[in-house]
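Q: Build me a model:
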Amino acid sequence: MSGSLEDELRRFGARVREQVPELLLGYDARMADGRRGYVDQPGGRMRVRPWCDAVEIAAMFDMLPEAMTKEQWVAELRGFQDPVTGLVPEFVNGGPAAREEWYETMIVNYALECLGSHLAHPVASAEELDAEGLVSRLEGLDWDRGAWGAGHWVDGYASCLYANRRHFGGGRELEVLLAWLDGKCDGETGMWGRWRSEDRWLQAVNGYYRLTRGTYAQFELPLPHAERAMGTILAHGGDGEFFGSGRGDACNVLDVVHPIWLCGRQTKRGEAEGVDWIRGRLAGTLERWVDGRGMAFDPAGDGARGEPGLQGTEMWLAIIHLMADRLGLAGELRYRPRGVHRPEPGAAGAVRVRTSSSRAG
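A: Modelled structure (predicted):
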């Protein structure tokens, strides 16, 4: 690896570190009652996620957003949770969340863990499924046509069980979930989803990232059929419709980079191709940083997707770290993702699951 890329990574990390405090102030907003909060983009609605993004961006650099003290941050984030269902709604003061909408709940817990805390209450709605009900729910997800959504469900469910097991002694169906996933994974493709004529491997690979992030990566467990999965991921990464010149939003790129990084810890198949794919994108990704504003979710997109925001900034910083880590250069950045996109398993492996099933590489 050339020294020039090392220098670029070093300069990028220093540049971002210097700008983070003022950058976060640019997304600071006042709520109706005068309290301070965060929005993804200036003038946007007050959603819960930007609060978490602000905490996680700051935590990457061992900082804290200046809007509140650590104690105030913990109190505000904990206050979003419904004490009965354990759920967090999408919008601040936006009413109750649906009983299986676990995404905001899991990201609030991750943000709280960055602050040395956790959710105030167990996620009761995630504990309502017994083993039979869980298997029925899993079987009812649209793995053939909507693997992205199915992976989203598994990610949110597993992450809430993670919070319950780590902090409240719950998460009783984790082993059932993992055993079902082991058995469902396709031994030919390494995927849980299927190829579709309209977007080829997009649904399957994006669903693969969400599912494996919340389960195998989070609980530090070996992937089933990692070698086959790497082949499928690289085939998708070569799809010019999604990854041609100038193309690739934060979601689609992350959903290739993380699996390359994760599978690469278990198999040598596709190692050179994966490294080449990452090397070919990394330098251009660094150039997308906008001073004082961060990075857009989709730098080539129209409207809000093409404007810098907290979500795009947090995601791209995590992607860049994963890319650099796969090339053995993460140390040059001098930051490390925290929260939802942390590279470590939950609590650095503090939460364990027992599983007797075998996994093929």
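
Q: use CA for all of it now, contacts and neighbours both
A: OK.

Q: mind listing what's buried in the helix or strand where residue 233 lies?
A: Residue 233 is part of helix 226-237, with elements assigned from DSSP states H and E. Under the neighbour-count criterion of 16 or more other C-alpha atoms under 10 Å, helix 226-237 has 226, 227, 228, 229, 230, 231, 232, 233, 234, 236, 237 buried.

Q: out of these, which one sits closest to residue 130?
A: Of all these, residue 226 has the smallest distance to residue 130: 29.1 Å, by C-alpha to C-alpha.

Q: Surely the closest one touches residue 188?
A: No - Residue 226 lies out of contact with residue 188 (C-alpha atoms under 8 Å); the separation is 10.4 Å.

Q: ok, back up a step: dump the buried residues of helix 226-237 to JSON lines, plus pLDDT and distance to residue 128.
A: Shown next, in JSON lines, are the buried residues of helix 226-237 (pLDDT from 0 to 100; distance: C-alpha to C-alpha, whole Å):
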{"residue": "226", "pLDDT": "98", "distance to residue 128": "32"}
{"residue": "227", "pLDDT": "98", "distance to residue 128": "35"}
{"residue": "228", "pLDDT": "98", "distance to residue 128": "34"}
{"residue": "229", "pLDDT": "98", "distance to residue 128": "32"}
{"residue": "230", "pLDDT": "98", "distance to residue 128": "35"}
{"residue": "231", "pLDDT": "98", "distance to residue 128": "37"}
{"residue": "232", "pLDDT": "98", "distance to residue 128": "35"}
{"residue": "233", "pLDDT": "98", "distance to residue 128": "34"}
{"residue": "234", "pLDDT": "98", "distance to residue 128": "38"}
{"residue": "236", "pLDDT": "98", "distance to residue 128": "36"}
{"residue": "237", "pLDDT": "98", "distance to residue 128": "38"}
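
Q: Can you list phi and psi of residue 28 for me?
A: phi -80, psi 130 (degrees, to the nearest 10).

Q: And for it, nearest residue in space, chain neighbours not counted?
A: Closest residue in space to residue 28, ignoring its immediate chain neighbours: residue 38 at 4.7 Å, by C-alpha to C-alpha, 6 or more residues apart in numbering.

Q: what about residue 337, distance to residue 231?
A: Distance of residue 337 to residue 231, computed by C-alpha to C-alpha, to the nearest Å: 27 Å.

Q: got a list of what the nearest residue in space to residue 299 that is not next to it in sequence touches?
A: Leaving aside its sequence neighbours, residue 299 sits nearest to residue 306 (C-alpha to C-alpha, 6+ apart; 4.8 Å). Neighbour list for residue 306: 296, 297, 298, 299, 300 [criterion: C-alpha atoms under 8 Å, 6 or more residues apart in numbering].

Q: do the same with residue 194
A: Neighbours of residue 194 in contact, by C-alpha under 8 Å, 6+ apart: 143, 144, 145, 147, 201, 203, 204.

Q: So of those, which two are at opposite extremes in space?
A: Taking C-alpha to C-alpha, no two of the contacts of residue 194 sit farther apart than 143 and 201, at 12.5 Å.

Q: Just give me the neighbour total for residue 127.
A: 18 (other C-alpha atoms under 10 Å).

Q: hmm, I was thinking of residue 9
A: Per other C-alpha under 10 Å, the neighbour tally for residue 9 reads 24.
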